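J.: what follows is a predicted structure for the sequence shown.
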Amino acid sequence: MDILRFITCGSVDDGKSTLIGRLLYDSDSVSLDVLAMLEKRRATTGGDVDLALLTDGLKAEREQGITIDVAHKYFTTPRRKFIITDAPGHVQYTRNMVTGASNADLAIVLVDARQGVVEQTRRHTLLASLLGIRHFVLAVNKLDLAGYDETVFQQIVADYQLIAEQLKLDHVVAIPLSALHGDNVVRRSKHIAWYGGPSLLEHLESVPVPAEANPYEPRFQVQYVIRPQTEELPDYRG
Amino acid sequence: MWSVATEGQMIKTYLPMDYLDKLEAEAIHILREVAGQFERPALLFSGGKDSIALTRLAEKAFRPGKFPFPLVHIDTGHNFQEIIEFRDELATSLGEKLIVRKVEDTILTRGLHEPGGKYPSRNPLQTYTLLDVIEEFEFDACIGGARRDEEKARAKERIFSVRDDFGQWDPKRQRPELWNIYNGRIQKGENVRVFPISNWTELDVWNYIQRENIRLPDIYFAHERQCVVLPSGQLLGLSEHLNLDDTDEIVSRRVRFRTVGDSTCTAAVESDAASIDDIIQDLLLAKVSERGATRLDDNLSETGMEDRKRNGYF
Ligand SMILES: Nc1nc2c(ncn2[C@@H]2O[C@H](COP(=O)(O)OP(=O)(O)OP(=O)(O)O)[C@@H](O)[C@H]2O)c(=O)[nH]1
Ligand SMILES: [Mg+2]
């Protein structure tokens, strides 16, 4: 089995943490005790269960309802093992996003269907590509708030294509979805019948994992020299 | 791996490394980074499966040399006897130095309050003993077996986690940590907690234990044990450290431990899993997380772990 490491990025409040929460929840990757904790909290705050709380683990994050630093989550499907990094969208925490993106094979760039492509969408895409990420997913989120309208989706795809061309991104897949309602996250949605592609999870399970080593310019890191200097190994250096 | 074609041209014969190989390589890299960057590191050894796996990783990182750090055990005095015996045997068979410091002594020297109640946990007091041993030996880096999948605050922590004079974690002060480059530069008084198996899950650890044929203390495998039934339904192994009364129900059950810590705050789970294979099967079906199933102290507060880390905990 192989590992795919991916990061969610994009502007503040575009729904990154909610998307990861939904991905974990709909793929049955959340344990009962953690669900009970969410339910307990829902009972005090009212409203729906807040799936973003699965990754927003710091006290300050839960109080302010935003992500401050990267969170790491893990789940496995029969096809693949995933290491997820949830990045903060707020411009003030961009450096934390960079930390997260440095070890990702793939970036999911979220765009709020109502806002469209914004400055932070560009910034995060640029940083992700600068850090060496080759595979991108453009996740057009909150489509429920845009009437699941195909023209909204197509307009955002067209806007993002300009960025992709500028940065010479070769592998971009656009997926219309609603993180909150789970449309096209794990299962394909009947609300988005005009879309014929895979759900986000289906795509993540099938996208090729890039080889981590650069075979053309090998580097040899010397971290530490082992010199036991024992009788049997008087002059060993490893 | 890539292979080189005879003409000197690269051909793509990508043999994907098994995921355990990748996790192992990452952990070994981190351990060697600690050895290279710090003057006085230590490996915090709890006697549990994660720290036992760490010793195997350290063997891979440093043999035929010695470990460039001692094993340090913070003994709460509430540990299971099997764990203590296992700890001593393992240190002897590895031929590595073991330092043990007792919470009991810290309670005396610092005049701390011995916890009371029915299930008196010395778990929070470990922090003081840890800070004292760091000061005593001037450790600049402490390697631990914590994993990010264990708990939501841990999921936020860097692999090299810088702590201040008082061992305190401040999430707002976390540094950049890019690629596989770890920054161990610290101010005087600060130290770093290092978590080489951050990216491993509970299941990964068991798969590794199976692959590497790592020996574990018997209490990880199903056995008959006298237990107290807690109000939550959880089972706590009977020990002389509990202050029970007539209302407590004591039963004999077939159990194993998913994690070992202070015997007064670590519950057993009912199980028939007698081998590593059985445990892996059990885990694949498990609906409750490791902490949820076993820890009594984290259920008290939603931010229990973050609060303890902010106070110098592992
Ligand atoms: N209607 C609707 N609301 C959504 C959707 N996805 C997220 N939201 C809401 O948008 C708000 C922000 O969601 P988060 O997941 O916290 O956003 P984020 O991108 O992680 O934010 P930062 O990490 O702080 O940058 C929350 O109130 C979510 O419930 C969606 O698909 N539809
Ligand atoms: Mg977020």
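T.: Received the coordinates, thanks. Ligands and ions are numbered 1, 2, ... in the order given.

J.: use CA for all of it now, contacts and neighbours both
T.: Will do.

J.: wait, a strand at residue A:85?
T.: Yes: using DSSP: H, G, I helix; E, B strand; the rest coil, the assignment for residue A:85 is a strand.

J.: just the pLDDT for it.
T.: pLDDT for residue A:85: 98.

J.: the one 4 residues further on now?
T.: According to the prediction, residue A:89 has pLDDT 97.

J.: surely it and residue A:67 touch.
T.: Yes: taking contacts as CA atoms under 8 Å, residue A:89 lies within contact range of residue A:67: 7.3 Å.

J.: residue in the stretch 151-300 of chain B with the shortest distance to ligand 2?
T.: Going by CA to the ion, ligand 2 is nearest to residue B:156 of the stretch 151-300 of chain B, at 12.4 Å.

J.: downstream of the worst-scoring helix or strand of chain A on mean pLDDT, the next helix or strand is which one?
T.: When each helix and strand of chain A is scored by mean pLDDT, DSSP states H and E, helix A:32-45 comes last, with a mean of 88. For helix A:32-45, the following helix or strand on the C-terminal side (DSSP states H and E) is helix A:59-64.

J.: for the record, mean pLDDT for the helix or strand following that following helix?
T.: Note on helix A:59-64: by DSSP H and E, the next helix or strand toward the C-terminus is strand A:71-76. Averaging pLDDT along strand A:71-76 gives 96.

J.: and the longest helix for the chain?
T.: This is for chain A. helix A:150-166 (DSSP state H).

J.: that's the wrong chain, I meant chain B
T.: Assignment by DSSP H gives helix B:19-37 as the longest helix of chain B.

J.: run through the neighbouring helices and strands of the next helix or strand after that one.
T.: For helix B:19-37, the following helix or strand on the C-terminal side (DSSP H and E) is strand B:41-44. Contacts defined by 3 or more CA pairs under 8 Å, 6 or more residues apart in numbering or on different chains; DSSP states H and E place strand B:41-44 against strand B:71-75, strand B:141-143.

J.: is the last one in proximity to chain A?
T.: No: when contact is scored as CA under 8 Å from any CA of the partner chain, no part of strand B:141-143 falls within range of chain A; the minimum is 16.0 Å.

J.: now for that strand, which elements pack on it?
T.: Contacts defined by 3+ CA pairs under 8 Å, 6+ apart place strand B:141-143 against strand B:41-44, strand B:191-194.

J.: parallel or antiparallel, list what pairs with it.
T.: Strand B:141-143 pairs in its sheet with strand B:41-44 (parallel), strand B:191-194 (parallel), by DSSP bridges.

J.: and the longest helix of chain A, does that touch ligand 1?
T.: No: Helix A:150-166 lies out of reach of ligand 1 by CA under 6 Å from any ligand atom, never closer than 13.3 Å.

J.: burial of the residue in chain B positioned nearest to ligand 1, as a residue count?
T.: Relative to ligand 1, the nearest point of chain B is residue B:156 (13.1 Å; CA to the nearest ligand atom). Neighbourhood size, residue B:156 [other CA atoms under 10 Å in any protein chain shown]: 24.

J.: same question for residue A:29.
T.: 16.

J.: so which of the helices and strands packed on strand B:41-44 is the most packed in?
T.: strand B:141-143 (a mean of 26; mean count of other CA atoms under 10 Å in any protein chain shown).

J.: quick check: residues of chain A near ligand 1?
T.: A:11-18, A:52, A:66-67, A:88-90, A:141-142, A:144-145, A:178-180.

J.: which phi and psi values does residue B:292 adopt?
T.: Recorded main-chain torsions at residue B:292 are phi -60, psi -40, according to degrees, to the nearest 10.

J.: surely residue A:32 is in contact with residue B:286?
T.: No: contact criterion CA under 8 Å: residue A:32 and residue B:286 do not qualify, at 9.4 Å.

J.: between these two, who's got more neighbours?
T.: The residue with more neighbours, out of residue A:32 and residue B:286, is residue A:32; 16 against 13, by other CA under 10 Å.

J.: about what we covered before: mean pLDDT for the strands paired with strand B:141-143 - can I get that in JSON lines?
T.: Below are those laid out as JSON lines (pLDDT from 0 to 100):
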{"stretch": "strand B:41-44", "mean pLDDT": "98"}
{"stretch": "strand B:191-194", "mean pLDDT": "96"}
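
J.: burial check on the closest residue to the residue of chain B closest to ligand 1 other than its chain neighbours, number of neighbours?
T.: Using CA to CA, 6 or more residues apart in numbering or on different chains and skipping the chain neighbours, the partner closest in space to residue B:156 is residue A:71 (4.7 Å). Residue A:71 has 27 neighbours, counted by other CA under 10 Å.

J.: wait, a strand at residue B:291?
T.: No: per three-state DSSP, residue B:291 lies outside any strand segment and is helix.

J.: correct me, but it touches residue B:152?
T.: No: assessed by CA under 8 Å, residue B:291 is found out of contact with residue B:152, at 10.9 Å.

J.: what kind of secondary structure is residue B:109 in?
T.: Here residue B:109 is recorded as helix under three-state DSSP.

J.: for it, give me its contacts.
T.: For residue B:109, the contact set (CA atoms under 8 Å, 6 or more residues apart in numbering or on different chains) is empty.

J.: can you do 10 Å?
T.: Taking CA atoms under 10 Å, 6 or more residues apart in numbering or on different chains, we find residue B:109 in contact with residue B:103.

J.: from residue B:128, how far out is it?
T.: The gap separating residue B:109 from residue B:128 is 11 Å, by CA to CA, to the nearest Å.

J.: which neighbours do these two share?
T.: Between them, residue B:109 and residue B:128 share these contacting residues under CA under 10 Å, 6+ apart: residue B:103.

J.: that older thread, now the longest helix of chain A: average pLDDT?
T.: 98.

J.: which residues sit against that helix?
T.: A:111-118, A:121-122, A:125-126, A:129, A:136, A:138-141, A:143, A:146, A:167-177, A:192-195.

J.: let's see which of the residues you listed end up in helices.
T.: Among the contacts of helix A:150-166, the members found in helices (DSSP H) are A:121-122, A:125-126, A:129.

J.: so what's residue A:61 closest to, chain neighbours aside?
T.: Per CA to CA, 6+ apart, closest to residue A:61 is residue A:67, 5.5 Å.

J.: touching, the one you found and residue A:11? I think so.
T.: No: here residue A:67 lies out of contact with residue A:11, judged by CA atoms under 10 Å, at a distance of 11.1 Å.

J.: list residues touching both of these two?
T.: Residues touching both residue A:67 and residue A:11 (CA under 10 Å, 6+ apart) are A:87-90.

J.: most neighbours out of those, which is it?
T.: Neighbour tally across the shared contacts of residue A:67 and residue A:11 (other CA under 10 Å): the maximum, 31 neighbours, falls on residue A:87.

J.: check the gap between that one and residue A:101 for me.
T.: Applying CA to CA, the value for residue A:87 to residue A:101 is 8 Å.

J.: circling back to that earlier point, give the contact list for the residue nearest to residue A:61.
T.: Taking CA under 10 Å, 6+ apart as the contact definition, residue A:67 lies against A:12-13, A:16-17, A:52-53, A:55-58, A:60-61, A:86-90, A:93.
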